[in-house]
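**Q** What follows is a predicted protein model with its sequence.
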Amino acid sequence: MPSYLNRTLPLLLACCLLASVGSFQYSRGSFQFSRVDLAKSATPSATRLGSASVISETSIAENENIGTIKYKILQLGAALDRGQAYNPTSGSYYSGTMAKAKALIQSLPPAPPKAIEDLNGEWELVLSTVPHGIFRSSPFFLAIQEAFSFAENTTAFGEDKANLFFKLHELQTCSWGVSKVGRVAQRFDSETGVMCSEFDTSIFSLTVIPILGWFKLLPTFGGCVVTVSKYKLSDDMRNVEFTVDYTTSRPVEGLQGLGEWIWSVKVPVGFVWKLLPWNKGREAKGSVEHVYCDPQWRVVKDKDGEYFVYTRPVVPRALELN
């Protein structure tokens, strides 16, 4: 075969392939497809803005089935690192993406659990819309949020006291690579009425001398923080109320711990909570509202109207408590 055909044949084949997919025209250095519009076919109710598509909240409910909505929520959960990528302490970037995630969650049809047994087993967090930390799904932090609502003044420095507390907690524990939150999960047992909330935390995961550093200064260690609570559901199965009992920890495979002694420590949160003068004898209680629940998905809303999305884990983990 002549050498010039060797050079031109691939180009000719590519042009034939494009022509078979749809007619195109060359305009200002870009191809414009007139027959195949992938963005439009993927979102039929989208309003075109240049090369982007914008979906209104009403069009989500009208034109997408539940499976599609779930898929997009999972996609946004991955893109937003379960919600951690949007942090109002750092700035407003990704706020539009988080708003879209929230709109998708709100478009799910109301579906509380049908029976208390529907919650049984393990649930893993895939997305949260709360600012200042996905650890806030723990009943311990939900109880703190609830406690601030009983304060004589619920604001400080022009900001909600609970959110200010969570912001300060996040700044103190997560700055400079001191702490990083990993897996977040919950387990329910309707026979005992016990719920275990878990989140993995690694300490000193990234510690180095700025600019000069070429190795980690400190070893990474940590574990799984477990908060054990009693729970009950309202008569309509919509509301879940937690009463915190104690907090402990468990090892995480592949993560160095502080020592065997730490796994046997139980912090009696519920007992100490009532002794704190500002709690005035109240128990460490918090609550969430179920907005959606099926065998694989569970979505709850906290008192501030923020959402936690859970799914059944792909890789389950055993939990043994003493």
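**A** Cool, got the structure.

**Q** Point out where the stretch 151-300 of the chain drops to low pLDDT.
**A** Judged by pLDDT under 70, the stretch 151-300 of the chain has its weakly predicted residues at 151-152, 154-178, 204-213, 215-219.

**Q** residue boundaries of the helices in it?
**A** Remark: helices assigned in the stretch 151-300 of the chain by DSSP state H, counting those that start in this stretch are 161-174, 269-275.

**Q** Just the strands from the stretch 101-250 of the chain, written as ranges.
**A** For the stretch 101-250 of the chain, the strands defined by DSSP state E, counting those that start in this stretch occupy 121-128, 155-156, 159-160, 179-189, 194-203, 221-233, 239-250.

**Q** Output those strands as CSV; include the columns mean neighbour count.
**A** In this view, the C-beta of every residue, glycine as well, is placed from N, C-alpha and C. Shown next, in CSV, are those (neighbours: other Cβ atoms under 10 Å):
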stretch, mean neighbour count
strand 121-128, 22
strand 155-156, 13
strand 159-160, 14
strand 179-189, 19
strand 194-203, 20
strand 221-233, 20
strand 239-250, 20
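
**Q** Tell me which of those strands sits nearest to G96.
**A** G96 lies closest, by Cβ to Cβ, to one member of the strands of the stretch 101-250 of the chain: strand 121-128, at 15.6 Å.

**Q** May I have the strands that pair with the closest one, each with its orientation?
**A** strand 179-189 (antiparallel), strand 307-311 (antiparallel) (DSSP bridges).

**Q** Distance to N279 added to the ones you listed, as CSV?
**A** Converted to CSV, the strands paired with strand 121-128 look like this (distance: least, Cβ to Cβ, whole Å):
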stretch, distance to N279
strand 179-189, 24
strand 307-311, 24
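
**Q** and I73, which of these is closest to it?
**A** Closest approach to I73 among the strands paired with strand 121-128 is made by strand 307-311 (6.1 Å; Cβ to Cβ).

**Q** CA atoms only: put that closest one into PDB for me.
**A** Taking Å, rounded to 0.1, in the frame of the first residue of the first chain, the C-alpha atoms of strand 307-311 are listed here in PDB:
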ATOM      1  CA  TYR A 307     -29.900  15.700  55.300                       C
ATOM      2  CA  PHE A 308     -27.900  12.500  55.900                       C
ATOM      3  CA  VAL A 309     -28.100   9.800  53.200                       C
ATOM      4  CA  TYR A 310     -27.300   6.200  54.000                       C
ATOM      5  CA  THR A 311     -27.100   3.000  51.900                       C
END
